[in-house]
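Novice: Take this sequence and fold it.
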Amino acid sequence: MTDASTQPTLGSGLEISPFAPDHMAEALHLSQQVGWPHKQEDWALALAVSKGVVALDGTRVVGTACCTRFGAVALINMIIVDEAMRGRGLGRTLMAAAMELARGSEMRLVATLEGLPLYEKLGFRATHRIFQHQGTAQTATPELPVRDGTAQDVARLAEMDHAASGLDRRALLERIAAQGEVLLAEGGFALLRDFGRGRVIGPVVARNAATARSLIAEGVERNAGTFLRIDLPEAAGLSDFVATLGLAHVADGTAMARDPGPARTGDFTSFALVSQALG
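Specialist: I've put the predicted structure just below:
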């Protein structure tokens with residue numbers, strides 16, 4: 001639960017309001033301001049499964065924050081403060097609003113280096129690193145057979161995903177499957193979709209690394225010559241492999257949790273994220 005130290009305090013002329021459709025254009029501008037690759041469609045996907053808030057200076061959007069509940073876990077994401085408003089405590093205020101939406105849940109986020117001190121003060125603790133890889137995809141040959149799936153497979157895939165992540169993401173996976181591609185292998189799956197400058201592979205969920213490598217290789221092969229991104233938990237151990245496919249390690253994030261639930265001991269592992277915002 002949030003405590004008094006997280007409650008919002010706002011300066012004169014600022015207010016926190018629910019994220020409404022007419023805030024989208026200004027939110028997109030804020031994400032572009034901080035160098036994020038999100039397009040309007042990427043914001044729309046996140047907001048379709050999230051509740052969001054905005055900080056308003058009059059009628060102008062000067063900050064955003066979202067809370068995405070996936071069963072017992074809530075992901076805090078899309079925390080952005082207009083560069084002209086930084087240093088005034090607005091980031092903490094936005095975090096407090098998002099944490100209130102997540103009240104009663106395990107909370108997770110992926111932090112930038114700049115955000116780490118604030119999140120630590122709010123009770124989040126680092127759990128592992130996230131490696132961002134991207135670049136022009138090369139040709140690749142999967143070591144194990146990979147086949148196409150459909151939206152009809154999502155119920156079964158959501159069970160694998162929950163076993164790996166603890167997140168109840170069926171609704172999100174259904175949306176991604178309807179927009180993109182489903183890749184299946186014995187003991188695992190991956191999804192491909194448009195994102196940012198090109199496309200993204202994720203999630204990748206599998207029983208073992210060989211299956212995960214095969215799913216990633218198939219995704220890379222299908223997008224050879226185009227810009228591709230993948231976000232890997234450090235423990236997945238696939239960073240060097242992905243780099244050989246043309247996707248260079250370009251940045252790190254820090255996965256953090258507050259009020260974590262019991263450790264998972266299932267047969268499946270998350271080898272790549274949907275995104276840093278959506279786990």
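Novice: neighbours around the residue lying closest to Arg129 once chain neighbours are set aside, how many?
Specialist: Distance criterion C-beta to C-beta, 6 or more residues apart in numbering; nearest residue to Arg129, sequence neighbours excluded, is Glu234 at 4.3 Å. In this view, the C-beta of every residue, glycine as well, is placed from N, C-alpha and C. By the criterion of other C-beta atoms under 10 Å, Glu234 has 15 neighbours.
Novice: Buried residues in stretch 108-118, which are they?
Specialist: 108-111, 115 (16 or more other C-beta atoms under 10 Å).
Novice: So among those, where is pLDDT lowest?
Specialist: Among the buried residues of stretch 108-118, Gly115 carries the lowest pLDDT, at 92.
Novice: Leaving out the residues flanking it, which one is nearest to that one?
Specialist: Distance criterion C-beta to C-beta, 6+ apart; nearest residue to Gly115, sequence neighbours excluded, is Ile79 at 6.8 Å.
Novice: Isn't that neighbour up against Cys67?
Specialist: No - judged on C-beta atoms under 8 Å, Ile79 makes no contact with Cys67 at a distance of 10.4 Å.
Novice: so what's in contact with the two at the same time?
Specialist: Shared contacts of Ile79 and Cys67, defined by C-beta atoms under 8 Å, 6 or more residues apart in numbering, are found at Ala98.
Novice: Gly149 against Leu183, yeah?
Specialist: Yes - when contacts are counted by C-beta under 8 Å, Gly149 is listed as touching Leu183 (6.7 Å).
Novice: mind listing what Val34 touches?
Specialist: Val34 neighbours (C-beta under 8 Å, 6+ apart): 80, 83.
Novice: Report pLDDT for it.
Specialist: pLDDT, read off for Val34, is 93.
Novice: Determine which two of the buried residues of stretch 108-118 are furthest apart.
Specialist: Based on C-beta to C-beta, the longest span within these runs between Arg108 and Gly115 and measures 13.6 Å.
Novice: any common contacting residues for these two?
Specialist: With the criterion set as C-beta under 8 Å, 6+ apart, the contacts of Arg108 and Gly115 do not overlap.
Novice: can you map out the helices along this structure?
Specialist: 24-33, 40-48, 90-101, 116-121, 154-165, 170-179, 209-222, 239-243 (DSSP state H).
Novice: closest one to Ile130 among these?
Specialist: helix 239-243 (10.5 Å).
Novice: where's the closest one relative to the chain centroid, distance-wise?
Specialist: 20 Å (C-alpha atoms, centre = their mean, to the nearest Å).
Novice: could you give me the average pLDDT of that helix?
Specialist: pLDDT averaged over helix 239-243 gives 98.
Novice: Which strands and helices lie in contact with it?
Specialist: strand 125-136, helix 209-222, strand 227-233, strand 248-258 (3 or more C-beta pairs under 8 Å, 6 or more residues apart in numbering; DSSP states H and E).
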